[in-house]
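S.K.: Here is my input, please return the structure:
(6 chains)
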Number of protein chains: 4
Amino acid sequence: MGGTMDGTRKRRRGNTRQRIQDVALELFAEQGYEKTSLREIAECLDVTKAALYYHFKTKEEILVSIFEDLSRPIEELIEWGRQQPHSLETKQEIIRRYSEALTGAAPLFRFMQENQATIRELRIGEMFKTRMLGLRDILMDPDADLVDQVRCVSALFTMHAGMHVLQDVESDPEEKRKAVLEVATDLITQAHRGSGGG
Amino acid sequence: MGGTMDGTRKRRRGNTRQRIQDVALELFAEQGYEKTSLREIAECLDVTKAALYYHFKTKEEILVSIFEDLSRPIEELIEWGRQQPHSLETKQEIIRRYSEALTGAAPLFRFMQENQATIRELRIGEMFKTRMLGLRDILMDPDADLVDQVRCVSALFTMHAGMHVLQDVESDPEEKRKAVLEVATDLITQAHRGSGGG
Amino acid sequence: MGGTMDGTRKRRRGNTRQRIQDVALELFAEQGYEKTSLREIAECLDVTKAALYYHFKTKEEILVSIFEDLSRPIEELIEWGRQQPHSLETKQEIIRRYSEALTGAAPLFRFMQENQATIRELRIGEMFKTRMLGLRDILMDPDADLVDQVRCVSALFTMHAGMHVLQDVESDPEEKRKAVLEVATDLITQAHRGSGGG
Amino acid sequence: MGGTMDGTRKRRRGNTRQRIQDVALELFAEQGYEKTSLREIAECLDVTKAALYYHFKTKEEILVSIFEDLSRPIEELIEWGRQQPHSLETKQEIIRRYSEALTGAAPLFRFMQENQATIRELRIGEMFKTRMLGLRDILMDPDADLVDQVRCVSALFTMHAGMHVLQDVESDPEEKRKAVLEVATDLITQAHRGSGGG
DNA sequence: TATGAATGAGCGTTCATTCAT
DNA sequence: AATGAATGAACGCTCATTCAT
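M.R.: Numbering: from 1, shown residues only, chains lettered A, B, ... in the order given. Predicted coordinates:
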């Protein structure tokens, strides 16, 4: 039913797993995790629900696999950051690269941002939290002034939320990204001065 | 409270409606809207599901009613703000009062923050968005520099998310609130200077 | 769909729970627990699957409730037996009463007999085992000769299985029951003599 | 058994078929037929489900093949018994050999015992029943007293169930087997006397 | 002001089976 | 001799909602 002779059926062998991830992320980001049913995903792909279970053990596993695949650059970034001196320059560089990494996986992070309640009780909740704490440890002096701690958190939040929230503002995405990055860098810089330079 | 003879006659005896709202908000905030079933709410209150339908037409209506009741101070704040001159002092005052209002309805705003995907397709999604745009119009010059626009949005986000995110940080809530407020005020102030004084 | 105006619909209010148990037991006994789906039970009763869940929390709970209701006489019998002297007369009386109790809940015990593998991992598995050990402790001297122990177990098994297995033998059920009882009594008596009388 | 050059050439290399039967029986006996999925069997063997279908046409066929292979000694025993005079000595000899045969295929008979409801609607249900009737015809005079008929059936049941049921009793298996055999022989002997000797 | 009883739709998941390779 | 990929049917279960009482 659908695509019987035009090769669309044949050609999709071997990449079904990837296609499931793509469609799933799109729907998860658009409608949320809970409101997206496996039936819906399967229909979009013109396969049966059971086919999804050939490739993934559970619904949650689909999400986990997406998260692992797409957030790998971020994990590597954190790993890299951990080994640098905690200087202002490092922090600024981290923020800059983080902004790029986020842009590369925008739908995933939009999803994370908008489904926090759901995620909290899923495996990726813990994964994400761990990553964030890793980032925080790099960007922030644990003995810093409370206000400066807030600035750091605020910088991260600004980057996470910034893009999707400015959707109704015109001007192209790259410009927006740079604006968001500038604000975040400011916050990080101020926080660093506050605790470091006195 | 205990209005025995005052004008609040209607809401006097039979506080079930209120209790439903209280429990619902607690559960919504804790587990998310979708994962909280009416059965669960009813069980917490030791009534039947059908009883909920005596007081509210739908599940969504419970949420709407909570939102309307708890976010009234914010609506009034915006109304007030609209009539003030768009000076820096006004903006700072708005932010200050907003911080207080948020604290007064913390679970609701934690819920809003963590259930954005869900809320988007609910009535309160539109309501909330309208409120936020109202706030933005007060805090922000529409012709402002993109970076300053981001600062404004960032200030709001910082306040919305700030409290729940700093949960693992020690120090008492009121101190945290003040720290968050300071960062937000900074951002608003910078944004104002940028577009106004530049 | 079925019985719109003839009162069959109205009359069944209030006894649905019982009707579920009746139909479920019939089907469980006929086809086995696993092969009997809730859909099937519901269809027999002309209600929806969801209706079953109003009355019982899970499929297993339906079975447990049947077991508890129908095996109560047996529990009481064991309770009574525990307080008697462990004389031959008591044992024979127990066996006699047990035979009657089994007949009163024949479909349930046919089910238990034929679904042991299934039952083993269900709650009633443990319940049943406990009951049986209770019975055994009354009928059997723990220090008895191994052969006499087998006789006791054999007596119980004979009663459990006897009735259903003789289905293709003609002659009326009550006669069969008495024949089975006689064999069981013989076994118990021999066992008692063996260990007691030397 | 390293049959390098003897007549068992066919079954030599590629013992997968055998391994499937072994694992399947183990799982069927442990968890029941319905609760054991082909996926599970395949995983145990570290092959795919499809591989099972290379060796057997259906799930049921796996079971049938196990039954046929393992119960062949019993079929032969019955065949032998049919040609003997129906004397007491023959009956006792049958019972004795049957006990040995059961021990040689204990897991299969434990399975048969515990999955009667399932088996009834499978091909081996009929097969098993036929065998049992064959045995009964040898052990039992069709005109015998009802009580003696019960004794015969009871003897068979005792042997089928005896071993697995005494699992919590200590003492070694061979001793148990002998005890069970003794009880069964007693029953058969009594039955023979009853109908034969008047 | 509530309850008891039920429904219809849907969910995530599992199963035995098939078939081209 | 076996795999990779998929299917169709069914399953147990939960949900928001309804309505007579």
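
S.K.: Tell me the residues on chain A that lie near chain C, please.
M.R.: Remark: no part of chain A is in contact with chain C, using Cβ under 8 Å from any Cβ of the partner chain. Just so you know, the C-beta spots here come from the backbone N, C-alpha and C atoms, and that holds for glycine as well.

S.K.: where does chain A have low pLDDT?
M.R.: Within chain A, the segments meeting pLDDT under 70 span A:1-13, A:195-198.

S.K.: Roughly how far does the residue most central in space within it sit from residue D:46?
M.R.: Note on chain A: the residue nearest the mean C-alpha position is residue A:109, at 3.0 Å, using Cα atoms, centre = their mean. As judged by Cβ to Cβ, to the nearest Å, residue A:109 and residue D:46 stand 40 Å apart.

S.K.: same thing with residue A:75?
M.R.: Residue A:75 is 32 Å from residue D:46, where distance means Cβ to Cβ.

S.K.: Look at these two and report which has more neighbours.
M.R.: Set residue A:75 next to residue D:46 and count neighbours by other Cβ atoms under 10 Å in any protein chain shown: residue A:75 wins out with 15 against 8.

S.K.: close enough to count as contact, that one and residue A:132?
M.R.: No - here residue A:75 does not reach residue A:132: they are 11.7 Å apart, not a contact under Cβ atoms under 8 Å.

S.K.: give me the residue from chain A nearest DNA strand E.
M.R.: Ranking the residues of chain A by distance to DNA strand E (Cβ to the nearest atom of the strand) places residue A:37 first, at 2.8 Å.

S.K.: Got phi/psi on that residue?
M.R.: phi -100, psi 160 (degrees, to the nearest 10).

S.K.: ok, now which ones touch it?
M.R.: By Cβ atoms under 8 Å, 6 or more residues apart in numbering or on different chains, no residues touch residue A:37.

S.K.: I would like the residues contacting stretch A:157-173, please.
M.R.: For stretch A:157-173, the surrounding residues in contact (Cβ under 8 Å, 6+ apart) are A:95, A:98-99, A:102-103, A:106, A:109-110, A:112-114, A:176-177, A:180-181, A:183-184, A:187, B:146, B:149-150, B:153-154, B:157-158, B:161, B:165.

S.K.: cool, and stretch A:101-120?
M.R.: Residues outside stretch A:101-120 that contact it (Cβ under 8 Å, 6+ apart) are A:25-26, A:28-29, A:32-34, A:66-67, A:70-71, A:73-74, A:77, A:124-125, A:128, A:159-161, A:163-164, A:173, A:177, B:31-35, B:111, B:113-118, B:120.

S.K.: Now that we have these, which of them are buried?
M.R.: A:25, A:28-29, A:32-34, A:66-67, A:70-71, A:74, A:77, A:124-125, A:128, A:159-161, A:163-164, A:177, B:31-35, B:111, B:113-118, B:120 (16 or more other Cβ atoms under 10 Å in any protein chain shown).

S.K.: where exactly do the helices run in chain A?
M.R.: Assigned helices in chain A, in chain order: A:16-31, A:38-45, A:49-55, A:59-70, A:72-82, A:88-104, A:106-114, A:116-120, A:123-139, A:146-165, A:173-192 (criterion: DSSP state H).

S.K.: What sits closest to residue A:30 if chain neighbours are left out?
M.R.: Using Cβ to Cβ, 6 or more residues apart in numbering or on different chains and skipping the chain neighbours, the partner closest in space to residue A:30 is residue A:36 (7.9 Å).

S.K.: and of the helices of chain A, who's closest to residue D:53?
M.R.: Nearest to residue D:53, of all the helices of chain A, is helix A:49-55, at 16.1 Å by Cβ to Cβ.

S.K.: follow-up on the earlier one: from residue B:190, how far out is the residue nearest to the centre of chain A?
M.R.: Relative to residue B:190, residue A:109 is positioned 25 Å away (criterion: Cβ to Cβ).

S.K.: Also residue A:127?
M.R.: From residue A:127 over to residue B:190 (counting by Cβ to Cβ), the distance is 34 Å.

S.K.: Same check on residue A:36?
M.R.: Separation of residue A:36 from residue B:190 (Cβ to Cβ): 40 Å.

S.K.: If you count surrounding residues, which of those two has more?
M.R.: Neighbours were counted for residue A:36 and for residue B:190 using other Cβ under 10 Å; residue A:36 has more, 23 against 18.

S.K.: next one: phi and psi at the more buried one?
M.R.: phi -90, psi 110.

S.K.: from memory it sits against residue A:28, does it?
M.R.: Yes - the criterion here is Cβ under 8 Å, and residue A:36 meets it with residue A:28 at 5.4 Å.

S.K.: Spell out which residues of chain A are next to DNA strand E.
M.R.: Proximity of chain A to DNA strand E, by Cβ under 7 Å from any atom of the strand, involves residues A:36-40, A:49-50, A:53, A:57-60.

S.K.: Relative to residue A:149, how far out is residue A:192?
M.R.: Per Cβ to Cβ, residue A:192 is found 12 Å from residue A:149.

S.K.: repeat for residue A:63
M.R.: In terms of Cβ to Cβ, residue A:63 sits 30 Å off from residue A:149.

S.K.: just residue A:79 next, same as before
M.R.: From residue A:79 to residue A:149 the distance is 23 Å (Cβ to Cβ).

S.K.: count of residues packed around residue A:58?
M.R.: Using other Cβ under 10 Å, the number of residues around residue A:58 comes to 11.

S.K.: and it, backbone torsions?
M.R.: Torsion angles at residue A:58 (phi, psi; degrees, to the nearest 10) stand at phi -150, psi 170.

S.K.: And residue A:85, by the same measure?
M.R.: Main-chain dihedrals, residue A:85, degrees, to the nearest 10: phi -70, psi 150.

S.K.: May I have stretch A:51-66 as CSV, with CA atoms only?
M.R.: Extracted C-alpha coordinates of stretch A:51-66, given in CSV (Å, rounded to 0.1, in the frame of the first residue of the first chain):
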residue,chain,number,x,y,z
ALA,A,51,8.8,-3.1,12.6
LEU,A,52,9.8,-0.4,15.1
TYR,A,53,10.4,-3.1,17.6
TYR,A,54,12.7,-4.9,15.4
HIS,A,55,15.0,-1.9,15.5
PHE,A,56,14.4,-0.7,19.1
LYS,A,57,13.5,-2.5,22.2
THR,A,58,11.1,0.2,23.6
LYS,A,59,9.8,3.6,22.8
GLU,A,60,12.2,5.0,25.3
GLU,A,61,15.1,3.4,23.6
ILE,A,62,14.3,5.2,20.4
LEU,A,63,14.6,8.4,22.3
VAL,A,64,17.8,7.3,24.0
SER,A,65,19.4,6.4,20.8
ILE,A,66,18.6,9.7,19.3
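
S.K.: Is any residue of that stretch near DNA strand F?
M.R.: Yes - residues of stretch A:51-66 are located near DNA strand F by Cβ under 7 Å from any atom of the strand, namely A:51, A:53-55.

S.K.: Of the residues you listed, which is the most crowded?
M.R.: Going by other Cβ under 10 Å, residue A:55 tops the residues of stretch A:51-66 next to DNA strand F with 16 neighbours.

S.K.: give the contact list for it.
M.R.: A:16-17, A:20.

S.K.: List buried residues within those residues.
M.R.: residue A:20.

S.K.: need the contacts of residue A:55 in JSON lines with distance to chain D, can you?
M.R.: What follows is the contacts of residue A:55, written out as JSON lines (distance: Cβ to the nearest Cβ, whole Å):
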{"residue": "A:16", "distance to chain D": "17"}
{"residue": "A:17", "distance to chain D": "17"}
{"residue": "A:20", "distance to chain D": "20"}
